[in-house]
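**Student:** show me the folded form of this:
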Amino acid sequence: MEPKAAASALTPSVNRLVNNLLTQISRLDINPIEKYLEVLTMHPVAGLGFEIKVLWGLTKLGEYTHPKARIQKWMRMNFEQMNGSLTWSVAEMFMAIALGYSFSEFSVKQVGTEWRLDTLLAVDPRYFVFEGTIGNISNVKYQQSGLPIDIPYEKGVHIVNQPYLALGRDPYGIAQCKRIVAAWEAWRILISELLLAGQRHVTPIAVAKVPSQEFIILTDEYGNPQIDPETGQEKRILLSDKTLEQMERLENSSVLVTDIRNEIQFIQQSAGSGVADFFFQALRYLERIMLMGELVPETVVSTGISGTGDSELNTGHMALMELGINGVMEQIKEGLLERVCRSLIEWRYGAQDSYGAFELPAEQQEDKVALLNAIRGIADGPLISNQDLVVVNRARDLAGIPPTTEVIKRVTQPQPEPTAA
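**Tutor:** Numbers count the residues shown, from 1 in each chain. Alright, predicted model coming up:
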């Protein structure tokens, strides 16, 4: 038999939820930057999903390299001595994933006879617009207050999220937060309704039994009867109405004085398990939608990257997320090389055949051997198991062996029993 919802407990909350949700979603045609920032800073799961991608992306930046040692050394010095840090600047560029776009302006300072990198800061996306489309942008017009300021487009690094979906070469890209704003609004409403349902569950219903046809005389704060100025008679009110007024104030005062003939009862409400299950499942579903909109696998925040039972599933999900991170990181690297490094190098050394690259340091063979021995040494201990496919494939990769899809169990041959002499 299919379960039925308890109408008395669940229906009012669902009705309010539907009405409020439809009202909120109808306003989501234009989502300001503040709304996206609110989602990322207020919701723990949505914010964590974005932060995971930024932190992982920063590990893929690598170091600046150049075929000419003197240029490599000089450019690394620029990044080390700039105001702020390159890591911070790259993290700001990753805003493009959540907001759809980012633009970071670089400035230079004169040191002796040469120009060096001073700052590389993201321009606040709330206060600037691009003049033109991708491939044909002339200026960035910034205006927070007063007259607008024109920033030359070539003085910054422009990152666009999902440019292949930005029809008409839209320089503002596609904001991932736009996909999850509706789920965020629904989540907020559900949380409010959950708190209200919890309050009703712990607050008993007060029932008063009083004579319904009796009147009482209203008195002032000194106990004197109140006089009606129109009739000159004493003001009277039904005893039931007066009791109702007192009962409505009971939650705040927690004190009630009534006639000895009256009867007051408190009935404890029972919301039932259906209400709790409804809210729990709905909130969980909305959080899954948010992670899906951010292209973050749910297993990352539920069981961790190396969960014992989901290691192979996590590996596949992480690979999908890594593809998206790599795409944005390639944009960032190209922007840094073309805008920042090229300008500085040409001012200092003139035009070059190559303007360098950002590369991750390659693992040394000695490090691979040491790591392989370390894995072998702890694989049979309490920390990790040699039956974990992720551990096995990592060891095979270090040894230069292709990965496998199943764990090969070692079969121990029984030893023959010694024969009696």
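**Student:** over to Met290: give its phi and psi.
**Tutor:** For Met290, the backbone dihedrals are phi -60, psi -50 (criterion: degrees, to the nearest 10).
**Student:** list the contacts for it?
**Tutor:** 43, 45-46, 49, 180, 183-184, 187 (C-beta atoms under 8 Å, 6 or more residues apart in numbering). C-betas here are computed from N, CA, C, even on glycine.
**Student:** change it to 10 Å
**Tutor:** Contacts for Met290 (C-beta atoms under 10 Å, 6 or more residues apart in numbering) come out as 39, 43, 45-50, 176-177, 179-181, 183-184, 187, 296, 298.
**Student:** out of the residues you listed, which end up buried?
**Tutor:** Neighbour counting with 16 or more other C-beta atoms under 10 Å marks 39, 43, 45-46, 48-50, 176-177, 180-181, 183-184, 187, 296, 298 as buried within the contacts of Met290.
**Student:** which stretches of this structure form strands?
**Tutor:** Assigned by DSSP state E, the strands in the chain fall at 63-65, 101-111, 114-122, 128-133, 136-142, 149-152, 156-160, 205-209, 215-217, 236-238, 263-267, 357-359.
**Student:** for the record, mean pLDDT for the last one?
**Tutor:** Strand 357-359 comes out with an average pLDDT of 95.
**Student:** now that strand: buried residues?
**Tutor:** So strand 357-359, judged by 16+ other C-beta under 10 Å, has buried residues Phe358.
**Student:** from the buried ones among the contacts of Met290, pick the one nearest Gln143.
**Tutor:** Taking C-beta to C-beta as the measure, Gln143 lies nearest Cys177 of the buried ones among the contacts of Met290, at 23.4 Å.
**Student:** which non-adjacent residue is nearest that closest one?
**Tutor:** Nearest non-adjacent residue to Cys177, counting by C-beta to C-beta, 6 or more residues apart in numbering: Tyr36, 3.8 Å away.
**Student:** neighbours around that neighbour, how many?
**Tutor:** Neighbours of Tyr36 under the rule other C-beta atoms under 10 Å: 24.
**Student:** how about low-confidence regions in this structure?
**Tutor:** Applying pLDDT under 70 to the chain flags residues 1-31, 198-208, 212, 239, 248-274, 300-316, 363-387, 398-400, 406-421.
**Student:** domain parsing for it?
**Tutor:** Using automatic domain parsing, the domain parsing of the chain gives 31-176+294-361, 205-267, 365-421.
**Student:** looking at those domains, which is nearest to Asp277?
**Tutor:** Distances from Asp277 to each of the domains of the chain were compared using C-beta to C-beta; the minimum, 18.7 Å, belongs to domain 31-176+294-361.
**Student:** in helices, which of the contacts of Met290 appear?
**Tutor:** 39, 45-50, 177, 179-181, 183-184, 187, 298 (DSSP state H).
**Student:** my guess is Lys141 contacts Ile151, does it?
**Tutor:** Yes. Contact criterion C-beta atoms under 10 Å: Lys141 and Ile151 qualify, at 7.7 Å.
**Student:** find residues that contact each of these two.
**Tutor:** Going by C-beta under 10 Å, 6+ apart, residues that sit against Lys141 and also against Ile151 are Phe128.
**Student:** separation between Gln213 and Pro225?
**Tutor:** Distance of Gln213 to Pro225, given as C-beta to C-beta, to the nearest Å: 20 Å.
**Student:** scratch that, Leu286
**Tutor:** Separation of Leu286 from Pro225 (C-beta to C-beta): 58 Å.
**Student:** pick out whichever of these two has more residues nearby.
**Tutor:** More neighbours surround Leu286 than the other of Leu286 and Pro225, with 21 against 12 (other C-beta under 10 Å).
**Student:** ok, which pair from the buried ones among the contacts of Met290 is furthest apart?
**Tutor:** Across those, the longest distance by C-beta to C-beta is 19.3 Å; it joins Val181 and Glu298.
**Student:** quick one, what contacts the closest residue to Val160 other than its chain neighbours?
**Tutor:** Leaving aside its chain neighbours, Val160 sits nearest to Gly173 (4.0 Å; criterion: C-beta to C-beta, 6+ apart). By C-beta under 10 Å, 6+ apart, the contact list for Gly173 reads 96-97, 99-102, 134, 158-166.
**Student:** of the buried ones among the contacts of Met290, closest to Gln331?
**Tutor:** Nearest to Gln331 among those, with distances taken as C-beta to C-beta, is Gln176, at 14.8 Å.
**Student:** hang on, isn't Glu185 packed against Met42?
**Tutor:** No. Counting by C-beta under 10 Å, Glu185 sits too far from Met42 to count as a contact (11.5 Å).
**Student:** nearest spatial neighbour of Gly293, chain-adjacent residues omitted?
**Tutor:** Counting by C-beta to C-beta, 6+ apart, Gly293 lies nearest to Arg179, which is 3.5 Å off, once chain neighbours are set aside.
**Student:** what distance do you get for that neighbour to Leu99?
**Tutor:** Taken as C-beta to C-beta, the span from Arg179 to Leu99 is 12 Å.
**Student:** and Lys60, by the same measure?
**Tutor:** For Lys60 relative to Leu99 (C-beta to C-beta), the value is 20 Å.
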